[in-house]
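Colleague: Kindly return the folded structure for what I paste below:
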Amino acid sequence: SKYQVRSIPTILFFKNGEIVDQMIGATTKAKIEEKLNSLL
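Modeller: Numbering: from 1, shown residues only. Model (predicted):
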């Protein structure tokens, strides 16, 4: 409830302790890697 997750799977991306983005629903490894690289 702290992060208001209402669907599973949900991936929250944190930077310096703050949520900077999220992905909701099933996704591929490539999409997750792409998201991580864009946030770095």
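Colleague: how about the strands in the chain?
Modeller: Using DSSP state E, the strands of the chain run over residues 10-15, 18-24.
Colleague: other SSEs contacting the first one?
Modeller: The one in question is strand 10-15. Contacts defined by 3 or more C-beta pairs under 8 Å, 6 or more residues apart in numbering; DSSP states H and E place strand 10-15 against strand 18-24, helix 29-39. Where you see a C-beta, it was placed from the backbone N, CA and C, and this is true even at glycine.
Colleague: between those, which gets nearest to I8?
Modeller: Comparing these against I8 with C-beta to C-beta, the closest turns out to be strand 18-24 (9.0 Å).
Colleague: What's the separation between T28 and F14?
Modeller: 21 Å (C-beta to C-beta, to the nearest Å).
Colleague: likewise G25?
Modeller: 19 Å.
Colleague: neighbour-wise, which of the two wins?
Modeller: F14 (12 against 9; other C-beta atoms under 10 Å).
Colleague: for that one, what are its contacts?
Modeller: Neighbouring residues of F14 by C-beta atoms under 8 Å, 6 or more residues apart in numbering: V20.
Colleague: who does it bridge with?
Modeller: Taking DSSP bridges as the rule, F14 bridges to I19.
Colleague: rewinding a little: could I get the strands of the chain as a markdown table with mean pLDDT and distance to S38?
Modeller: Compiled in a markdown table, the strands of the chain are given as follows (pLDDT from 0 to 100; distance: least, C-beta to C-beta, whole Å):
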| stretch | mean pLDDT | distance to S38 |
| --- | --- | --- |
| strand 10-15 | 94 | 10 |
| strand 18-24 | 93 | 9 |
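Colleague: Can you say which of these is nearest to L36?
Modeller: L36 sits nearest to strand 10-15 of all those, at 7.4 Å, using C-beta to C-beta.
Colleague: if we can go back for a sec, and of the strands of the chain, who's closest to S1?
Modeller: Nearest to S1, of the strands of the chain and by C-beta to C-beta, is strand 10-15 at 12.7 Å.
Colleague: For that closest one, buried residues please.
Modeller: By neighbour count on 16 or more other C-beta atoms under 10 Å, the buried set for strand 10-15 is empty.
Colleague: For that strand, what is the distance to the chain centroid?
Modeller: Between the centre of strand 10-15 and the centre of its chain there are 4 Å (C-alpha atoms, centre = their mean, to the nearest Å).
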